[in-house]
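**Student:** pasting the sequence and the predicted coordinates here, then a few questions.
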Amino acid sequence: MKEKNRIWLLLCLLLMVAYACDYKFIKPDEGDPIDPEEPISFSAEVEPIWTTQSCTNCHNGSGLFSLKQGEAYQSLVNNNLLDLENSDNSLIVKVPGSSGLHADYTYVSNQKLIITTWIDQGAEDN
Ligand code: HEC
């Protein structure tokens, strides 16, 4: 085989190997990016998360504080679940997905980011 042909063959083989190795890593769904300058609405964006994530199965006001629409804001305030100085340290952010009862009840996608951004913006009842 001519030297030139051999180099071509080698290049083709390399390309095939490289192509075969180009598999995609499974990335967690991070949801849409959040613009921290854009005001987050508590009632439209934050509050529905707790219903979506089934928190309201237990946190519905019968025994435990309520995270239901229209009742959640008062619960957050009354139970000190917000840390305005350090949003990541807020119980409403830290407890889901932690351990025990809450190991299986957690946030997905950009839900945690929506909540922390809303807290960073002053946690208004908006
Ligand atoms: C299976 C029932 C159940 C579900 C579902 C549940 N919780 Fe809870 N949660 C509890 C109980 C019981 C407590 C009180 C005892 C404790 O702190 O573990 C509690 C306490 C909490 C506390 C307060 C902890 C403290 O130290 O004051 C937070 C915050 C909380 N839950 C958030 C959530 C959120 C957010 C979800 C949904 C992602 C959720 N929980 C889903 C049962 C539940």
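**Tutor:** Done, it's in.
**Student:** show me the shaky parts of the protein.
**Tutor:** Across the chain, the ranges flagged by pLDDT under 70 are 1, 17, 19, 21-25.
**Student:** around the ligand, which positions in it sit nearby?
**Tutor:** 50, 53-55, 57-59, 64, 79, 81, 91-92, 95-96, 100-102, 105-106 (Cβ under 6 Å from any ligand atom). Just so you know, the C-beta spots here come from the backbone N, C-alpha and C atoms, and that holds for glycine as well.
**Student:** which ChimeraX command selects the buried ones in these?
**Tutor:** To isolate the buried members of the residues of the chain next to the ligand in ChimeraX, using 16 or more other Cβ atoms under 10 Å:
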select :50,53,55,59,81,92,95,96,105
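**Student:** so which bits of stretch 32-51 are buried?
**Tutor:** Neighbour counts over stretch 32-51 (16+ other Cβ under 10 Å) mark Ile34, Ile40, Phe42, Glu45, Val46, Glu47, Ile49, Trp50, Thr51 as buried.
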